[in-house]
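[1] no sequence for this one, just the structure:
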C-alpha cells in the first residue's frame with residue numbers, strides 16, 4: 001500500500017527524516033507531505049511513531065480528470081471493496097487547486113456516487129447502510145490530477161492523549177516536536193522553555209528523551225476497520241512500550257508567569273508519564289535563570305497580535321535576550337510571527353525558517369551558542 005504523511009509547510013524535511021528512520025521504503029517528499037509504502041504494520045508504526053506529521057493517509061490512487069465523467073470513472077475503477085465493507089460509513093471531503101473541476105461540492109458528490117457504485121458491485125448488494133466503521137475519504141485535485149486518499153489516523157496526530165486541558169492558543173504537539181528536532185538539542189542535553197504555557201515543548205522533549213512513541217496513549221480510526229491487521233497494532237504497541245527508557249536526571253525545564261498554566265503543565269506531564277523528567281516552576285521571564293551550561297532554549301512566546309501591543313512583546317524579547325546573555329554557550333530558538341523580532345532582540349539570527357503555526361505565518365529564529 002502507498003501512504004502519505006501530511007505535514008505543515010516547512011516541516012517536510014523533518015517528517016521525511018522521521019519516516020526514513022522508521023525504515024519505510026519508497027520515501028519521497030512533496031509540498032506538505034511525505035510519501036512512503038508498506039503494509040498494515042507500516043500503517044500502525046507510522047501512526048504510533050511519527051512526531052511531527054499531522055496525519056497518515058492511505059493513497060487509493062490518482063489519475064487525470066478534466067471532466068466529471070473522467071472523475072466518476074476514475075474513482076469507480078479504484079479497489080474500494082478491498083478495504084471498505086458493505087456497511088462501511090464513508091464520508092467525502094475535497095479540495096481543488098488550479099483545476100478545471102473547481103467546484104468542490106460537485107466533486108465530492110460525484111466521488112461519493114462513484115464509490116457507492118463500486119462498493120455495491122463489489123459486495124453484490126443494492127443498499128449500503130453505512131452503519132459500520134468510518135472511512136474518511138478525500139478527493140484532492142491539483143492541476144487536474146485527482147488523488148483519492150483515506151485517513152487512517154482519525155483525530156490529528158497532534159492529539160497525543162496527554163493534553164486534555166490547555167491555555168489559550170496552545171502550540172500543537174506536532175509542531176512543538178518539529179521545533180525541537182530543528183535545534184541542536186539531543187537527549188542528555190538541557191532544554192528550557194521559559195514561557196512554556198501548558199508545557200507542550202518540555203513534554204514533547206521528555207517523550208523524545210524517554211523514547212516514548214507519541215501515539216502510544218491513543219487509538220486510530222483504522223483500527224476499527226475489519227481488514228486492518230489487529231495483531232500488527234498489538235505487536236507494534238508492545239514493541240513501543242518495550243523501547244521506552246527510564247530517565248532519572250532532570251534536564252528539561254519549563255517556567256511561566258501564570259501559575260494556572262504551570263498547574264496544567266504538571267498535570268499534562270503526569271498524564272504523559274514524564275512528570276519526573278520535567279521541572280516546572282512559576283516565574284517571570286525577567287527573573288528566570290538558566291538551569292545549567294550548554295543548554296537549548298526553545299520558545300513560542302505570545303505574539304504581538306495576541307498580546308495586543310508591540311511594546312509588551314518588545315519587552316518580552318528584551319527579557320529573552322537578557323536571559324540568554326547569562327551564558328553564551330546556550331542556544332536560543334524562537335518561533336514568532338512578529339517580524340520585528342531580530343530588531344528587538346538586537347541581533348540577526350544565524351538561520352531562519354519560515355513555518356506556519358496553524359494559519360499564522362511565523363519564523364523560527366535560531367541562535368546557536370558558542
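    In hand now; what should we look at? Note that this is a predicted model, so its numbers are computed, not measured.
[2] do you know how far residue 68 is from residue 97?
    Remark: distance between residue 68 and residue 97 (C-beta to C-beta, to the nearest Å) = 18 Å. C-beta coordinates here come from the backbone N, C-alpha and C atoms, glycine included.
[3] and if you look at residue 304?
    With C-beta to C-beta as the criterion, residue 304 and residue 97 are 31 Å apart.
[4] between these two, which has more neighbouring residues?
    Set side by side, residue 304 and residue 97 show more neighbours around residue 304, with 22 against 9, by other C-beta atoms under 10 Å.
[5] quick check: which element contains the closest residue in space to that one that isn't next to it in sequence?
    Spatially, and ignoring its direct neighbours in sequence, residue 304 is nearest to residue 313 (4.2 Å; C-beta to C-beta, 6 or more residues apart in numbering). Following DSSP states H and E, one finds residue 313 within helix 310-324.
[6] how about residue 63?
    strand 55-64.
[7] any buried residues in that strand, and which?
    Across strand 55-64, burial judged by 16 or more other C-beta atoms under 10 Å covers 55, 56, 57, 58, 59, 60, 62, 63.
[8] out of these, who's nearest residue 256?
    Nearest to residue 256 among the buried residues of strand 55-64 is residue 55, at 29.9 Å by C-beta to C-beta.
[9] what's around the closest residue to the closest one other than its chain neighbours, how many residues?
    Nearest residue to residue 55, sequence neighbours excluded (C-beta to C-beta, 6+ apart): residue 153, at 4.5 Å. By the criterion of other C-beta under 10 Å, residue 153 has 25 neighbours.
[10] distance of residue 153 relative to residue 163?
    Distance from residue 153 to residue 163, by C-beta to C-beta: 17 Å.
[11] ends of stretch 179-188, how far apart?
    Stretch 179-188 has an end-to-end distance of 17 Å (criterion: C-alpha to C-alpha, to the nearest Å).
[12] let me redo that: stretch 273-281
    In stretch 273-281, first residue to last residue: 18 Å (C-alpha to C-alpha).
[13] residues near the residue nearest to residue 295 when sequence neighbours are not counted, how many?
    Spatial nearest neighbour of residue 295, chain neighbours left out: residue 190 (3.4 Å); criterion: C-beta to C-beta, 6+ apart. Residues lying near residue 190 (other C-beta under 10 Å) number 19.
[14] what residues are up against residue 190?
    The contact partners of residue 190, taken as C-beta atoms under 8 Å, 6 or more residues apart in numbering, are 251, 252, 253, 291, 292, 293, 294, 295, 296.
[15] re the thing from before, so what are the sheet partners of the next helix or strand after the helix holding residue 313 and their directions?
    Per DSSP H and E, the first helix or strand lying C-terminal to helix 310-324 is strand 331-336. Here strand 331-336 has these sheet partners by DSSP bridges: strand 296-299 (parallel), strand 360-367 (antiparallel).
[16] nearest to residue 101, out of these?
    strand 360-367 (29.1 Å).
[17] which strands or helices does the helix holding residue 313 pack on?
    strand 296-299, helix 304-307, strand 331-336, helix 341-345 (3 or more C-beta pairs under 8 Å, 6 or more residues apart in numbering; DSSP states H and E).
[18] please work out the average pLDDT along it.
    Taken as a whole, helix 310-324 has an average pLDDT of 91.
[19] contacts for it?
    194-195, 284-286, 288-290, 297, 299, 301-304, 307, 330, 332, 334, 338, 340-341, 344-347, 367.
[20] need the buried ones from these selected in ChimeraX.
    The ChimeraX command for the buried members of these (criterion: 16+ other C-beta under 10 Å) is given here:
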select :194,195,285,288,290,297,299,301,302,303,304,330,332,334,338,341,344,345,367
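[21] residue ranges with poor pLDDT in this structure?
    Along the chain, the parts satisfying pLDDT under 70 run over 165-169, 306-308.
[22] centre of the chain to the strand or helix carrying residue 231, how far?
    Using DSSP H and E, residue 231 sits within helix 230-243. Here helix 230-243 is found 21 Å from its chain centre; the criterion is C-alpha atoms, centre = their mean, to the nearest Å.
[23] of all the residues in it, which ones are buried?
    Those would be 232, 233, 236, 240, for helix 230-243 by 16+ other C-beta under 10 Å.
[24] right, and the helix or strand after the helix or strand hosting residue 179?
    Assigned by DSSP H and E, residue 179 belongs to helix 173-182. Following helix 173-182 in sequence order, the next helix or strand is strand 191-193 (DSSP H and E).
[25] if the nearest residue to residue 363 once chain neighbours are set aside is in a bridge, with which residues?
    Distance criterion C-beta to C-beta, 6+ apart; nearest residue to residue 363, sequence neighbours excluded, is residue 352 at 5.2 Å. Beta bridges link residue 352 to residue 365 when assigned by DSSP bridges.
[26] again, but for residue 142
    residue 97, residue 145.
[27] so who does it touch?
    Counted by C-beta under 8 Å, 6+ apart, residue 142 has contacts 96, 97, 98, 99.
[28] can we see that at 10 Å?
    30, 31, 62, 95, 96, 97, 98, 99 (C-beta atoms under 10 Å, 6 or more residues apart in numbering).
[29] if I look at the closest residue in space to residue 216 that isn't next to it in sequence, how far off is residue 177?
    Computed as C-beta to C-beta, 6+ apart, the closest residue to residue 216 that is not its neighbour in sequence is residue 240, at 5.5 Å. Relative to residue 177, residue 240 is positioned 16 Å away (C-beta to C-beta).
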